[in-house]
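Enquirer: please work out how this folds:
(2 chains)
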Amino acid sequence: MEIMLKKSIQIKISILFLAIFIYACTGDFEDTNTDKDNPTDVPATNVLGYALENFTFYNYSVEYCVNAGEFGFAHHVGKIQYPEESIYQYRGGDINSFWKLCYRYLINLKDVKDMAKEDGATNMEAVAITFSSLIWHTMTDRWRDIPFSDALGAEDGTYSPSYNTQEEIYPALIDSLKKANELFNQEGTDELGDGDFLFDGDTELWQKLTNSLLLRIAIRLSNVEPTTSKELIETIISNPGTYPVMTSNDDNAYYNWPGTDPYQEPLYYNKVVDSRDDHAIAEALVDTLKNLNDPRLPFYAHPASSDGEYRGVTVGLNGGITIKTISRIGTRFRDVAAGFSPIMTYSEVMFILAEAAQKGWNAGVTAEDAYNAAITASMQENVTDEEGSIADSEIAAYLNQSGVAFNSTLERIYVQKWIALFKNAEEAWCEVRRTDVPCFGPAPEGVMEKEHNRGPFRQPYPSSETELNKTNSATYVANVEDSYWGQQMYWDTRTDVY
Amino acid sequence: MKKVTLFLILVFGLCHAMAQTKTISGVVSSSQDKSTLPGVSVSVKGSTIGTITDIDGKYSLKVPQNAAALLFSFVGMKTVEVAIAEKTNINVSLQPENIAVDEVVVTALGISREKKALGYAVQEISGDNVSTNKSDNFVNSLSGKVSGVQVTSAGGALGASSRITIRGNSSFTSNEPLFVVDGIPINNHQSEVDQYNTYGNGVDYGNGASDIDPSNIESISILKGANAAALYGMKAGNGVIMITTKSGSKSKRFKINLNSGITFSNSYVIPDYQNEYGQGYNGSEYIYNNSGSSLSYQDYATTESFCYADGAGGGVYDNYDESWGPRMDIGLQIPQFDSPVEDGEYQATDWISHPDNVKDFFKTGISYDNNISVEGSGENISGRLFLSNRSMEGAIPNTDLKTNTASLSTNITSPGKKLNVKGTLTYTQSKSDNLSGQGYDENNVMQSIGSWFGRQVDMKSLKDNWKTYNKDGNPYNWNSNYHNNPYWTVYKNTNSMQKDRVTGNLNASYKLADWVSVMGRVGIDWYHLYLKRISCDGSVTIADGGTFWQSQEYNSALNADLIFTFNKNISSEIGFNGTLGANYQDKKKHYMYFKASALTVPDLFSIKNVKGTPSVDQDNTPYKSNSVFAAASFDYKKCIFLDFTARNDWSSTLPSNEWSFFYPSITASWLPTETFPSLKSTTLSFLKIRGGWAQVGNAPEPYQLTKTYTALDSYNGTTPFRLPTKLPSAGLKPEKINSTEIGIEGKFFNNRIGLDLTLYDKIARNQIMKIDISDASGYDNMMINAGEIENKGIEIQLSTDILKSKDGLNWTASLNWAKNKNKVNKLYEDITMYQISDSWSSLSIQAEVGKSFGIIKGHAPKRNDDGAVIVGSTGLPLATSSTTEIGNIMPDWTGGLSNTFTWKNFSASFLLDMRWGGDVFSVTQWFGAQAGTIGFTSRSASRKGANGANIREVGIVVGKDELSKHGAVYEDGTENTSVVSAQTYYNSHWWDIEQYAIIKGSYLKLREITVGYQLPQSLLERTNFIKSANVSFVGRNIALLWTDSSNRAKIDPETAMGTSLEGMGIEQYQIPGTRNLGFKVSLTF
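Expert: Numbering: from 1, shown residues only, chains lettered A, B, ... in the order given. As a prediction, the model looks like this:
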């Protein structure tokens, strides 16, 4: 009997062990589930660096520019192999991705802004606002009406944001950029840090970009909201102390790539790392430059390998291209790993002022002087080891030749601006839509159901938005026709276009 | 061969008190075949003292000094009463009561139970069933053998993983069952292979379970539903595959077993290619005739369609990797990549077809499989040593896989039989110098030769010259624009791996009393995986100098269990078994990666040689859980059984207020033929009705609760960081799977026919899932508890002894069939669509509320009310304006039929494996048509008036030559008469309509054939030392007997990428499956 008791004690002790075993070890659970390889807090400058680099890479990459159409839309570049995109067989995935990426950059910049605010870092806050505005501007000019004021609210429970029209977004962007300018004028002492991959911490250059972007927005509104446009340009130009803008090529917002993988110039990356040879210079651009004897031609294009001639590709051909007869994009723009992506240039600023002056507004400069300065700046940007630079005498001769010399027409300004915007396909496409100059006429016959007398007005909404934000997007999706047409941009005052 | 021998020494000392009782032990066997009987109830007559026999039929029971007799009872056997008297050893042989159903199966936690007592579906297959006719991945051997189990192999790439699901897909995350080896869950890890090689890793390095050598498997129990698996808790909601490895405990003597096999493998499902038109563009007679060209076809061909100069656009369309070029075999002379060069110019040579050029690339792979086992036992100890070496070569040149396994198991019992200690330790090493790339990746040779290819290319030229360079300094190849020479790919751009894995368990059980024992068990699963992918200087898309990446992964898992088992009859009529236990799991994964995107010294693949900054990554993911569980089984007169289980888990991956969660199960079964013996007849031998309800909980992966920043590659010394793209949820709850099943089992005509039928309904609720949200919210997706997926199904197993004769021909056939219906009941709030994956153009795979999981969406041709296709003015079909449902990846049903014949010493068996439905988006069909390489792009036109001429001669009329079922009309309703060139139709138009590439995934395959011969005993007796000898011929994947007509490219419809859900339903240049034929010799000494 005594032994049996022992036995039951044995059992009880064992079960006690079991109980201890269970309850003793949840103490380190929280620590176990804490990620020790990835931080919960990082310096704002490192997040800024991500947004600057990644937006620039994709906005100037073939995937989201050429393939999704813009180079082709602006007739700067066309496809010589796999021409599907130039006949509007767009790759839905690319549209989805760029939309997704833009909002991703924006929420990261919002994060930068929040951190900057908390630290009282006014310069950092202003930079975050400026770059966010640039991205919003890019987006609204691609998609017109988008989630804007209600966007970026997932952390507060807004998973399906409502939309704002472009008419609402433009004034908001003007306010934001003005706010950024005010912040810069507070002359804060905070440094932008290692993550300022664009201007290496130079807040003056950032402020000039901020106000130059205001000019870009203003001129875009010049046909549809002339009063707003005029007031904004005149305010900026007449108060250079408060609103400094780019005044020379030294102020250019060139994103200069380090050239080490994966941070290589996107067209170079496509050509060399991805080993693609799908893009060449467009016929319209080559022909224009040839006709004008433009000294920029050898910078913009390589001669064709077959016969040494400059020959562009017709945008919208569906196959049947003998690629050796076509000129590829020039050295400076595609062949350098440590190349550049032009976000905005002094030349563009001067074209904006030329147009404003031509419209009779006070641009602080005559239309002709601004026009000549814009072309000269564009010429001077082109310097390479192989081709050297363009001599002042060549520039002077060019400015004097017929077909170039200023003739007080907007058309001449627009054509030259289109040439100078080479590689900034985004802006060139906007300007082509706003001005209808150069006019490329009917869209190439593609897969759309009806004919169109102009190239694309816009980009289609991503399928993710029509599926995941159905209720909010439905009205706006209905405004789109044949993916790339339908309702025009708010600032697109062209008539009889379809 | 590197051999490793491992020794396991177990030392154990223990003192225990002796009772005033005496111990009786013995062995219970069957009188029929002398085999030992586990699970036999042994009790003292007139008392509640009792026990059951162990797996070896042994028992040991403490009885009071005054006990008179022992009762031995077992379902289906006559109960035997033996007087004790002075005996301490009583061996009993039981007679079958009737034709008995005495199957014992291994259930959760390794508990052996009579199958008839179970209230849920368990299917068991023997080790021989997977080891005789071996697959290089043992998971494949389960295909067609178990109802409700769907195995999808990734094709013919050596070492690739196989996907296995039980009772359909119920989760948006993992649908993999839990693999348990000797009671210890093991890691069935999978490599992150995806369609487009997004991770730079388009290689499938296999799934964890494929490390198991089938020769070392004793048996496999498949616990199909949550009911069976409830005791395993988390991760068991998708079923459990329980593997018991062989041990030496059963052999009564010293035994050596030697197995040796050789297998030859050949690609057996190669897509159908056309052999009329070669590389180039605009080369068909139709385009030539309509071009208005005044040139002869010969001159037109070389000036307008194809002429090789440098393979990169220097000639005429020599940069094109498409076969829309000139006609072959009609005497044309065209400069080609393998033409002689004179004065720097490629000379015109015969433009002729090479119909077998794709097939010629593949070779016969040879695999050797040798293993030896040594086992023996003494009074209180037994052991087994297993050594195995498998050396496999793939059908793709220069691909290989070598696996070595060493396993030692020991079993020691104390003299008083109170303490038993056993353990197994297994070391496996898998090594490969190169595994084939997969998916849409340049390292997958099928991307070029299988689709984007010149059909005139002579593979022999590529093979003979791949080490040389052409006159422009590029590696010798048919195309220098997009592709590497396939031989260059497999010899120079390699994917090597080495995996060292140790699994083991140590198990000690102690009998505290006759009715209660305690078992402690510790199990480990450690592996180290080393991967290296190199791409040599000169490859297309590779920077100068070459690139490489290398990763190392270390995984450890520790499992500890403490389990009490109780066995005490409540009365002579009501029996009781109980289990009370706890489990502790501690898992860790350490991962390190680095990559050089360019190299300073070409082809020196060391990180020290990097040009620029290396990319690096590192991750450490720990995970812990605790659990307690209890089970109680009651039986009434061994004819009504009632089981309860309950489990509570604590998981480190949940928030503290949610990390404890509880879930129960209840099952019951009733044997009417035992309750009412009068029911039994020669017609009905046995009947069982069962049913149950169970719930299983699950926890998320680590690190889902907090927001952390992601680091990107260093930028001039600065590390950019970004926010996560997945919004974390601090309030995640455990997910729950509820499962109900009922079943009926019957044996008829003296056991000649057996039927097992199961109906189940499984609802997964509150799933922890990543749901996409509008990108405009700032995040791509978020982790939430949402969704409800329901799987309902039926499983049937039918086994019959068609012929039964002691000395004549025996024929047994068994049929497995299962149908699963799936429905997505709910997602999240107003979100009605969840994208599982996407692919080319607008193709996506979705879960949509109200529909079956896995619908394929894309564009279809527009049709009118009569079903006729509507074409535009050019005669090309118009696409639907938005995407529409064009297929579903889930099969309607799966089935397998196996037949075994034995006659004297001969045996033969074959297995048919069938799947109905399960649509696939075939990229081989999709791009093969666009590239003009697939067979149907050059075939006879079927419309009247075309006189059967080739469509490349006479063009295509949509509605007659294509999409002819309901015809085609213009938008005004009149019949389409426009002729379009085949090139326009396939090359330009196909991209717009994804439905063209949807194939129905149905197939019938002759999966296995085995023919064996057992050498007669009379012959062996003369040798005096060989105890048994067996030779067999084995064949796997013998033939794809049938596939649907929508499979126009003739691919293997059984296709997947890796094991993840994302890889289902999309075929991206599958590696052709292999047919394996071989011989095997098995000797026992």
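Enquirer: ok, so what distance separates residue A:122 from residue A:128?
Expert: For residue A:122, the distance to residue A:128 (C-beta to C-beta, to the nearest Å) stands at 11 Å. Any C-beta I mention is one placed from the backbone N, CA and C, and that applies to glycine too.
Enquirer: residue A:235 now?
Expert: Taken as C-beta to C-beta, the span from residue A:235 to residue A:128 is 24 Å.
Enquirer: look up how far residue B:315 lies from the residue lying farthest from the centre of chain B.
Expert: For chain B, the largest distance from the centre (C-alpha atoms, centre = their mean) belongs to residue B:294, which lies 58.7 Å off. Here residue B:294 is placed at a distance of 22 Å from residue B:315 (C-beta to C-beta).
Enquirer: swap in residue B:56?
Expert: 76 Å.
Enquirer: okay, now the unreliable bits of chain A?
Expert: A:1-25, A:66-71, A:85, A:89-90, A:318-319, A:445-449 (pLDDT under 70).
Enquirer: could you point out the longest helix in it?
Expert: Criterion DSSP state H: the longest helix present in chain A is helix A:92-119.
Enquirer: can you list the buried residues in that helix?
Expert: Using 16 or more other C-beta atoms under 10 Å in any protein chain shown as the burial criterion, the residues of helix A:92-119 that qualify are A:92-113, A:115-116.
Enquirer: same thing with stretch B:1033-1053?
Expert: So stretch B:1033-1053, judged by 16+ other C-beta under 10 Å, has buried residues B:1034-1038, B:1040, B:1043, B:1046-1053.
Enquirer: how about the helices of chain B, start to end?
Expert: Under DSSP H, chain B gives helices at B:128-131, B:226-229, B:285-290, B:297-300, B:357-361, B:459-465, B:486-492, B:672-675, B:923-930, B:951-954, B:982, B:1017-1023.
Enquirer: can I get these in a markdown table with distance to chain A and mean neighbour count?
Expert: Below are the helices of chain B laid out as a markdown table (distance: least, C-beta to the nearest C-beta, whole Å; neighbours: other C-beta atoms under 10 Å in any protein chain shown):
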| stretch | distance to chain A | mean neighbour count |
| --- | --- | --- |
| helix B:128-131 | 36 | 20 |
| helix B:226-229 | 21 | 30 |
| helix B:285-290 | 10 | 19 |
| helix B:297-300 | 14 | 16 |
| helix B:357-361 | 23 | 19 |
| helix B:459-465 | 19 | 17 |
| helix B:486-492 | 14 | 23 |
| helix B:672-675 | 34 | 18 |
| helix B:923-930 | 10 | 26 |
| helix B:951-954 | 16 | 24 |
| helix B:982 | 14 | 28 |
| helix B:1017-1023 | 50 | 11 |
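Enquirer: pick out the shakiest of the ones you listed, pLDDT-wise.
Expert: Between those, the one with the least mean pLDDT is helix B:226-229; it has a mean of 70.
Enquirer: counting contacts, what elements does that one pack onto?
Expert: Packing contacts for helix B:226-229, counted by 3 or more C-beta pairs under 8 Å, 6 or more residues apart in numbering or on different chains; DSSP states H and E, involve strand B:660-670, strand B:684-698, strand B:735-748.
Enquirer: so what secondary structure elements neighbour the longest one?
Expert: Helices and strands touching strand B:684-698, by 3+ C-beta pairs under 8 Å, 6+ apart, are helix B:226-229, strand B:640-651, strand B:660-670, helix B:672-675, strand B:735-748.
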